[in-house]
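> when you get a sec, could you give me coordinates for this:
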Amino acid sequence: MSRALADRSSSSSSSGGRLAAGARKFASPAVKAALRRRGAEMAGLVLAVAGGALLVALVSYNPADPSLSTAAERPVTNLAGPAGAIAADLLLQGFGWAAMLPSAVALGWAWRLATHKGLAPFAGRVAAVLGALP
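Residues are numbered from 1 along each chain as shown. Next comes the predicted model:
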């Protein structure tokens, strides 16, 4: 009985090995490289939109807008909406005009990703931005 169970488990693991080998051969290296490039371009696009939205929120900041530190009944005038008013308020109160740095960095990184230059020492880049904020 135990031998039959062992035979079944070995046959299922060998078929799993064949499936894994087939999955590795699914796409050629050229297709994988193209998919990697398109993924980097999409990440660059998302980062550019986020950086642009943050820049718009910071530039259209109005201290009278309702946010976490301001109670107001009036409508939000920030071009990025209520979320932009809150983000701009928090960033500008916390970091002053250095709050523009994350937006500029996001747009710069988006350009690097879109032009396939990459963000090689990513952890170092993030640490440098966080260290430059205060």
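> please count neighbours and contacts with C-alpha atoms only from this point.
Noted.
> show me the shaky parts of the protein.
1-25 (pLDDT under 70).
> who touches stretch 123-134?
95, 98-99, 101-102, 105, 119 (C-alpha atoms under 8 Å, 6 or more residues apart in numbering).
> same check, this time on stretch 51-63
Applying C-alpha under 8 Å, 6+ apart, the contact partners of stretch 51-63 are 70, 77-81, 84-85, 87-89, 92, 99-100, 102-107.
> make a PyMOL selection of the buried ones in these.
In PyMOL, this line selects whichever of the contacts of stretch 51-63 come out buried by 16 or more other C-alpha atoms under 10 Å:
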select buried, resi 77+78+79+80+84+85+87+88+89+92+99+100+102+103+104+105+106+107
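> from the contacts of stretch 51-63, which ones fall inside helices?
Among these, the members found in helices (DSSP state H) are 81, 84-85, 87-89, 92, 100, 102-107.
> quick check: longest helix of the chain.
helix 29-59.
> okay, buried residues for that helix please.
So, applying 16+ other C-alpha under 10 Å, buried residues of helix 29-59: 37, 40-41, 43-45, 47-58.
> now it, how far from the centre of its chain.
8 Å (C-alpha atoms, centre = their mean, to the nearest Å).
> now swap in stretch 124-134 and tell me
That offset, for stretch 124-134, works out to 16 Å (C-alpha atoms, centre = their mean).
> try stretch 120-131
Worked out by C-alpha atoms, centre = their mean, stretch 120-131 lies 14 Å from the chain centre.
> ok, now stretch 70-90?
Using C-alpha atoms, centre = their mean, the offset of stretch 70-90 from its chain centre is 23 Å.
> what's in contact with that stretch?
So stretch 70-90 is in contact with 53-54, 56-58, 60-69, going by C-alpha under 8 Å, 6+ apart.
> try 7 Å this time
Counting by C-alpha atoms under 7 Å, 6 or more residues apart in numbering, stretch 70-90 makes contact with 53, 56-58, 60-62, 65-68, all of which sit outside it.
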